[in-house]
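# coords please:
(2 chains)
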Amino acid sequence: MLIRIALKQQTVGVIALALVVAIGGVLNTLAFVQIAGTTPAERAAFAQQMTLLGAQLSYMLPVPVRIDTLAGYLEWRWFGTLVVIFGIWAAISASGSGRGDEERGLVEQWLAAGVGRARYLITRVAVFAAVAIIVIGAMQLSILLSADGEPLAGGDLFAMGFNLLATTLCCYGIALVIAQLVTTRRAAGGIAAGLFIALFLINGAGRTADVGAARWLSPFYLFERSRPLTEGGALDPLGIGALLGAGVVLLAIGVVTFARRDLGGTALPGTSRESRGTRSPSRDPLLRLPVLGPLRQQRIWVAAWLVGFVALSASLISITRTIVDSLTSSEVPFLRAYFERAGLSVYDSFVGVIWLSTATLLLSVYAIIQVASWSADDAEGRLATILSAPVSHTRVILERLATLLVAVGLIAAASSVAVYMVAAGQGITLDGGRVALAATLLLTIPFAFGSIGQFVAASRPRMAVVALSAVAVFSYFVQQFVPLFGWPDWVANLSLYTLYGAPMSGDIKWAGVAGLVGIGSVATAASLVALRRRDVGA
Amino acid sequence: MRAALAMKDLAIETKDLTKDYGNGRGIFDLGLSIAEGEVFGFLGPNGAGKTTTIRLLMGLIHATRGSARIFGLDCDHDAVAVKRKVGYCPGELPQFGGWRGSEVVAYVAGLRGDVKDAAITTLAERLDLDLGRKYREYSHGNKQKLALILAFMHQPELVILDEPTTGLDPLVQQEFYGIVRDARTRGATIFISSHVLSEVEHVCDRVGIVREGHLATVSPLEDLVGMRAFRVEIDFADDVPVDRLKRVEGLDQLVVTDHRATGLLRGTFEPLMAAVAGTRVVGFTSREPSLEEIFLTYYR
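Next up is the predicted model:
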């Protein structure tokens, strides 16, 4: 019964994730066949080009190896990205198992029904592992079926899947331990996600600089040590051993800590139950003001995002000069010309590319998390409380959006200042006006995502996160694959990220910006109608 | 009573109000008229349609047909204007996670804009609620107290309460009844739903009883005295005086097993006490029957 319910809780998410990774696997496989050519000469030229692109993206992706083969391409482009997606999935799932169910009172019910604490959590871990195996298996199968005669050994792919599984379980273990140290799912997921970004950055920095033994702390580094697709199925014994060992130890710590701590409390001593002992309402004037009230209650969350995003932006800009210099020193003349044409050989344009592409992705994730909390407002009775006051549906919709945009505005502004200052420190002169404009235009991304999410949350709250994540994944894939497959512009413009464009690398795409604003406006109007029509809490 | 109602303005008026969830669930053709200043009890077993009715009045859900008006305003189309006049305590308490009680009341007070801090403090003192604690650390009873503060803090003209004493200890329940009486004294109308007759007896002028989505009756409280009943169980040391018990006025559903007699007693206890006088009673318990038991008696 426990297993069945645990599986049922994840059904929609698992199906969505399996579909996304299976489709992603197929698209990457087809993309390689499409762009790498078929003759040895074409493959060699492709490899040269991708190797340089790999150097450009070394802050994000592992250094490519045997990129002239499908195996090398997938190992670099697809699995290098996938491990991050699976890490975030592990963080979300572990914070739900380790804290979310407890918040909703489900754990109390299970324990009252005679289920042991260790059994409860071990079952959740086992179900997650089983689901991960299914998702990874579906993705591997989709790749094998679409390989179209390209040499790709099933055993090697299996080894890569095992490597991915070990990394995912290690990440799950980290997030499970974190969930024992805080009292809310949101805090657990947020801290785990922040830690994973830090560990990801440590590994990224370690590719071009010496970060010492710190790199061993990153599960992404341990994952990267194994190259089973390009090295004949070989798993790095140290890397895979460390992943499995750390995973088992962390999961055991999570289970033991859960068994020993109080329900609703943390494993840390003396962190709860303090009271200020008052009969009076809070005197903080911000709480009583529209927009600022909700924002005040999210202050720690927003501050964490702001600090994390500023650190990420600064770290990306700090390696700009190194990367651009390596690109422009290419010994292949046509590649040098290619990067110059793309504007990637100029420092300020490159800053725009890596900063804004990362910003659009992360700010859309921020919007999705906000939409999740709007859906929870409905399910957990807060929306009914708000609507029991003389507050119109219109105000609810607009205040939510305004709160999102103010928070994102603060994050984008702080990030743009950091980018400008770090770039100046690197001797890179940026056009301050253009940086400010690009940061301002960033607001159109969360506006569009938030409005679409609000519409779904107002219509089908339980579907909101899944639907909006699908929009994000779709937009990402379209943006990535349109240039590879040579699809027409109208297909490219189906991606919200493409509509934003690259405002620091060329002319600003005002039509795209208008498109994002239009999508946001229409979705906002639709969400207003939907919220008015729907029964609250239904 | 009808004449009296007609002479006063109506606080709540529903006509053929229906919310049909299918399979017989919901509320059907509800017609209610509640005068300003009245304290009205809305009684019914679990699942009878009480909360659905209240959510319709609050404009949180939309009627399948019919209408609901509060102080002459349509609950659906004039929802914002209605809520300026209404305080609401939901049956299912919202979750505010890590917010402190003081932050929740300040936030909702900000949404209303017409709340005096002194009123909040007075209510918190009367209900003995520490607003400094985080919401997630509150017991169920303390969450209920906070919901009551949110309902009364702006001194509304109409207070709608969905099973408001759930989780409150007896002392706090008495304080709650005091708050209701005070609100009534200043002219407020009170609408209380409950599934326990004795709960509404303390404060209500009239009671409406709903069952399986339909309004069974609306009566002044005094008319319901006849409905007041107790499930009694008497254990005798010797044989049960069956003949004497059968003659007790108001004692129905008498069942005798060995040395025990059980039955449903309406009215006062005196006839029963007289009937068992002189016998050796070794155990005597009485409890209020559920509404369903009362319905089985009255509306079979």
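# right, and the helix or strand after whichever strand or helix holds A:G433?
Using DSSP states H and E, A:G433 sits within helix A:432-441. Per DSSP H and E, the first helix or strand lying C-terminal to helix A:432-441 is helix A:444-459.
# got the buried residues for the next helix or strand after that following helix?
Next helix or strand after helix A:444-459 toward the C-terminus (DSSP H and E): helix A:464-485. For helix A:464-485, the neighbour count (16 or more other C-beta atoms under 10 Å in any protein chain shown) marks A:464-469, A:471-473, A:475-482 as buried. C-betas here are computed from N, CA, C, even on glycine.
# Enumerate the residues of chain A near chain B.
Residues of chain A lying near chain B by C-beta under 8 Å from any C-beta of the partner chain: A:103, A:183-184, A:186, A:264, A:272-273, A:275-284, A:287-289, A:293, A:297, A:380-382, A:384-392, A:533, A:535-538.
# Just the buried ones from the residues you listed?
A:103, A:183-184, A:186, A:264, A:278-282, A:284, A:287-288, A:293, A:297, A:380-382, A:384-391, A:536-537.
# In helices only, show me those residues.
A:103, A:186, A:293, A:297, A:382, A:384-387 (DSSP state H).
# Could you single out the nearest of those to B:L265?
For those, the closest approach to B:L265 (C-beta to C-beta) belongs to A:A384, at 40.9 Å.
# who's in contact with that closest one?
Going by C-beta atoms under 8 Å, 6 or more residues apart in numbering or on different chains, A:A384 touches A:536-537, B:58, B:60, B:90, B:94.
# mind redoing it with 6 Å?
Neighbouring residues of A:A384 by C-beta atoms under 6 Å, 6 or more residues apart in numbering or on different chains: A:536-537, B:60.
# need those in CSV with pLDDT and distance to B:G113, can you?
CSV is the format used below for the contacts of A:A384 (pLDDT from 0 to 100; distance: C-beta to C-beta, whole Å):
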residue, pLDDT, distance to B:G113
A:V536, 90, 21
A:G537, 79, 25
B:L60, 95, 21
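# and the chain, what are its domains?
All of this is about chain A. Annotated domains of chain A cover A:1-19+A:80-267, A:288-538 [automatic domain parsing].
# Not quite, go with chain B.
Split by automatic domain parsing, chain B gives B:2-220, B:228-298.
# got any ranges where the stretch 101-250 of chain B has weak pLDDT?
Residues of the stretch 101-250 of chain B that meet the criterion pLDDT under 70 lie in B:224-228.
# Now it against chain A: closest residue?
Residue of the stretch 101-250 of chain B nearest chain A, by C-beta to the nearest C-beta: B:G110 (2.9 Å).
# Residue 28 in helix, strand or coil?
All of this is about chain A. With DSSP: H, G, I helix; E, B strand; the rest coil as the basis, A:N28 sits in helix.
# hm, I was asking about chain B
B:F28 ends up strand, using three-state DSSP.
# pLDDT wise, what is it at?
Confidence at B:F28, expressed as pLDDT, is 97.
# show me what contacts it?
The contact partners of B:F28, taken as C-beta under 6 Å, 6+ apart, are B:18, B:213-214.
# any weak-confidence spans in chain A?
A:1-10, A:12, A:56, A:270-276, A:326-345, A:484.
# quick one on the thing from earlier: out of the contacts of B:F28, who's the most crowded?
B:G213 (22 neighbours; other C-beta atoms under 10 Å in any protein chain shown).
# Pretty sure it sits against B:K50.
No - here B:G213 lies out of contact with B:K50, judged by C-beta atoms under 6 Å, at a distance of 10.2 Å.
# give me the number of residues near B:D20?
Neighbour tally, B:D20, other C-beta under 10 Å: 15.
# so it is in which element?
Applying DSSP H and E, one finds B:D20 within strand B:10-22.
# helices or strands next to that strand in the packing?
Strand B:10-22 makes packing contacts with strand B:25-35, strand B:65-70 when contacts are defined by 3 or more C-beta pairs under 6 Å, 6 or more residues apart in numbering or on different chains; DSSP states H and E.
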